[in-house]
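Engineer: predicted model and sequence follow; I will ask about them next.
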Amino acid sequence: MDQQFQRRLMKQQTGHTTPHKSPSTFRGLPKSPGASPLQPEKFGDRFIPQRTPAKWRIDFDLASERTFRHDNIQKAAEEAKQNAQAGGNQTTANGSSRNTTPGGAENENPVYKCLLKNELLGYGIDRIKDNFVQDQQIPGSPAERESVFKYSWRMRRLEGADGLTPYSLSPISAKSQKLLNSPRKPNRKIPKVPFKVLDAPELQDDFYLNLVDWSSTNVLSVGLGNCVYLWSACTSQVTRLCDLSVEHDSITSVSWSEKGRMVAVGTNKGYVQVWDVESGSRLLQMEGHTARVGALAWNGDQLSSGSRDRMIFQRDIRAPVHASGADRKLTGHRQEVCGLKWSPDRQFLASGGNDNKLLVWSASANASNQPQPAQTYSAHLAAVKAIAWSPHQHGLLASGGGTADRCMRFWNTLTQQPLQCIDTGSQVCNLAWSKHSSELVSTHGYSQNQILLWKYPSLNQVAKLTGHSFRVLYLATSPDGEAIVTGAGDETLRFWNVFSKSPARKESNSVLNLYTQIR
């Protein structure tokens, strides 16, 4: 080896590269005083090209997603805040309204996004849900803090190993084919306007009354002044069940029996009447209360009634007329009882009163008089009228407070522990759970007179419905669990489609499911 080349190579390895002088370098140029000499160009002896393949996943996908995802979230939040102050919508140049809230119409097509990830980046996504879980990671989470560069090479499977034959005519992979063929849940749209509005003259604007109920036979009962009217949702026929004007009494509460054959009516004078719908005759009239009966609740053949006299009576309608006294007398409230609801398993009765108390009574008590309730909850700061038991989770109870409280609270009656609480911003008048999904609807009074749909347990607001000009004091759910009817002091009944239909069956991907492998 040439000694000069060996010396130059050793200097290059140690960091001192000997410049190679070009033949075109002029050595006889005079140097101007104070001027620095020209620095010759430095270069190595040979060039070794980089033959590593392009890493799309590292160079383009991960860096771009993690760089811009957090910026997009912050930008969307700032735009949403500005839109909320300006009215919620922006108007484009052509005059059309454009929704700029996060998750609006400007979102990318998720199917197309997943398809590009599969074909360009090799993600292998075969369900839209998998991509949503990955895209909705919280910035700073463990999955977000992982290293961008991974010093390992992921071996790609053969084309025939994932179900794609060598003779396939499709230009996309098997994962992408499964993605395109997978069923996609349509976007849920909740109508903002009611599908039916009925006039309800003399519908009282009283927070402590319960004047609307929907039977299992699809018949609506409404207490208007001195009368109870029945409206059939199938035929739209209206009939008058009873008229108490002769007795100089008025209707303060109505409640259907579970089979839909009888209607319980509470009056202003403290009577509890049971009417037969088919014959239109009164079966029973029970006494005992000394003030108006504002709350009624059925439990099989047992009828519970709550009154302004602070008493709760539980009676058996099968008892003879001469022995129609109260079977049980519950004395736990210090003011008017305005809410009564039996649990789905028929073991507990929840009662709410104007004393800001939520009480739970056990149905298995042996004594006829039970002065002390099984459970007492006193976190509310106003009257508790809105009460609803969850049909999906055993022992879950929801309650809402009045104007001074404005909160929805959730309780675990099995452990007697509070679960969650959210401030709704207005008086909570009624609560009702969906029969098919883990959602609930709440109606409100002062000061917004709105109807809100919530997702549980996240308590995210799904929809907000407005239309009533007075407090939305009355609420009932249709027998199919899809629609609700609301009543207010504006003397109208409005019907809304808020709940989804029967729940969709989830696709089972378990290897233990034998039917997923049968073709």
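Structural biologist: That came through, no problem.
Engineer: my guess is Ile128 contacts Ser182, does it?
Structural biologist: Yes - under the criterion of C-beta atoms under 8 Å, Ile128 makes contact with Ser182 at 7.2 Å. Just so you know, the C-beta spots here come from the backbone N, C-alpha and C atoms, and that holds for glycine as well.
Engineer: neighbour-wise, which of these two wins?
Structural biologist: Ile128 (17 against 13; other C-beta atoms under 10 Å).
Engineer: state the distance from the closest residue to the more buried one other than its chain neighbours to Asn187.
Structural biologist: Using C-beta to C-beta, 6 or more residues apart in numbering and skipping residues adjacent in sequence, the residue nearest Ile128 is Pro110, 5.4 Å away. Separation of Pro110 from Asn187 (C-beta to C-beta, to the nearest Å): 11 Å.
Engineer: same question for Val263.
Structural biologist: 40 Å.
Engineer: and those two? Which one has more around it.
Structural biologist: Applying other C-beta under 10 Å to Val263 and Asn187 shows that Val263 carries more neighbours, namely 25 against 5.
Engineer: which residues touch that one?
Structural biologist: Residues in contact with Val263 (C-beta atoms under 8 Å, 6 or more residues apart in numbering) are 213, 215, 221, 228, 230, 241, 254-257, 274-275, 277.
Engineer: what does Pro194 give?
Structural biologist: 467, 494-496.
Engineer: 6 Å instead, please
Structural biologist: For Pro194, the contacting residues are 494-496, by C-beta atoms under 6 Å, 6 or more residues apart in numbering.
Engineer: of those residues, which is the nearest to Asp206?
Structural biologist: Here the nearest of the contacts of Pro194 to Asp206, counting by C-beta to C-beta, is Arg494; it sits at 18.5 Å.
Engineer: pLDDT value on the closest one, please?
Structural biologist: The score at Arg494 is 97. That number is its pLDDT.
Engineer: tell me which element it falls in.
Structural biologist: Per DSSP states H and E: Arg494 is located in strand 492-497.
Engineer: follow-up on the earlier one: closest to Ser438 among the contacts of Val263?
Structural biologist: Asp213 (23.8 Å).
Engineer: tell me if I'm right that Gly445 and His468 touch.
Structural biologist: No - at 9.5 Å, Gly445 does not count as touching His468 under the criterion of C-beta atoms under 6 Å.
Engineer: I'd say Arg328 and Phe313 touch.
Structural biologist: No - under the criterion of C-beta under 6 Å, Arg328 is not in contact with Phe313, lying 7.2 Å apart.
Engineer: ok so, going back, got JSON lines for the contacts of Pro194, with neighbour count and distance to Arg292 too?
Structural biologist: Formatted as JSON lines, these follow (neighbours: other C-beta atoms under 10 Å; distance: C-beta to C-beta, whole Å):
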{"residue": "Arg494", "neighbour count": "22", "distance to Arg292": "26"}
{"residue": "Phe495", "neighbour count": "16", "distance to Arg292": "28"}
{"residue": "Trp496", "neighbour count": "23", "distance to Arg292": "29"}
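Engineer: can you tell me the closest non-neighbouring residue to Arg127?
Structural biologist: Ser182 (5.9 Å).
Engineer: likewise Pro194?
Structural biologist: Nearest non-adjacent residue to Pro194 (C-beta to C-beta, 6+ apart): Arg494, at 4.0 Å.
Engineer: neighbours of Glu247, how many?
Structural biologist: There are 11 residues near Glu247, going by other C-beta under 10 Å.
Engineer: so for stretch 431-447, what's the average pLDDT?
Structural biologist: Rounded mean pLDDT across stretch 431-447 is 93.
Engineer: can you list contacts of that stretch?
Structural biologist: 386, 388, 390-392, 398, 400, 403, 426-430, 450-456, 471-472, 475, 477, 481, 486, 498-500, 502-503.
Engineer: coming back round to it: more crowded one of Arg328 and Phe313?
Structural biologist: Phe313 (22 against 19).
Engineer: any idea which element the more buried one lies in?
Structural biologist: strand 312-316.
Engineer: list the buried residues of that strand.
Structural biologist: Residues of strand 312-316 classed as buried by neighbour count (16 or more other C-beta atoms under 10 Å): 312-315.
Engineer: where does pLDDT dip in this protein?
Structural biologist: 1, 12-108, 129-167, 184-185, 321-326, 365-371, 502-519 (pLDDT under 70).
Engineer: repeat that for 90
Structural biologist: 1-189, 288, 318-329, 363-372, 446-448, 500-519 (pLDDT under 90).
Engineer: where along it do the helices fall?
Structural biologist: For the chain, the helices defined by DSSP state H cover 3-13, 56, 63-86, 110-116, 128-135, 174-181.
Engineer: now the fourth one: buried residues?
Structural biologist: I take that to be helix 110-116. 111, 114-115.
Engineer: for stretch 484-504, same thing?
Structural biologist: 484-496, 498-499.
Engineer: what residues does it touch?
Structural biologist: By C-beta under 6 Å, 6+ apart, stretch 484-504 touches 191, 194-198, 200-201, 203, 205, 212, 434, 436-437, 441, 443, 453, 465, 467-472, 474-477, 481-483.
Engineer: any idea how far Gln314 is from the residue lying closest to Val274 once chain neighbours are set aside?
Structural biologist: Excluding its sequence neighbours, the residue lying closest to Val274 (C-beta to C-beta, 6+ apart) is Leu284, at 4.2 Å. Applying C-beta to C-beta, the value for Leu284 to Gln314 is 14 Å.
Engineer: swap in Ala379?
Structural biologist: Counting by C-beta to C-beta - Ala379 and Gln314 are separated by 26 Å.
Engineer: one more: Gln450?
Structural biologist: Taking C-beta to C-beta, one finds Gln450 at 35 Å from Gln314.
Engineer: cool, Ala295 as well?
Structural biologist: Distance from Ala295 to Gln314, by C-beta to C-beta: 12 Å.
Engineer: who does the residue nearest to Cys421 when sequence neighbours are not counted bridge with?
Structural biologist: Take Cys421 and drop its neighbours on the chain: the residue closest to it by C-beta to C-beta, 6+ apart is Arg409, 4.8 Å away. Applying DSSP bridges to Arg409 gives these bridge partners: Ser399, Cys421.
Engineer: now render the buried residues of strand 312-316 as CSV, adding distance to Ser362.
Structural biologist: Listed next are these as CSV, based on distance: C-beta to C-beta, whole Å:
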residue, distance to Ser362
Ile312, 13
Phe313, 16
Gln314, 12
Arg315, 17
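Engineer: from the residues you listed, which is closest to Ser351?
Structural biologist: Ile312 (6.0 Å).
Engineer: the closest one and Gly306 touch, don't they?
Structural biologist: Yes - in this structure, Ile312 is within contact of Gly306 by C-beta under 6 Å, at 5.1 Å.
Engineer: intersection of neighbour lists for those two?
Structural biologist: In contact with both Ile312 and Gly306: Val337, using C-beta under 6 Å, 6+ apart.
Engineer: just the endpoints, please. Distance across stretch 273-284?
Structural biologist: 5 Å (C-alpha to C-alpha, to the nearest Å).
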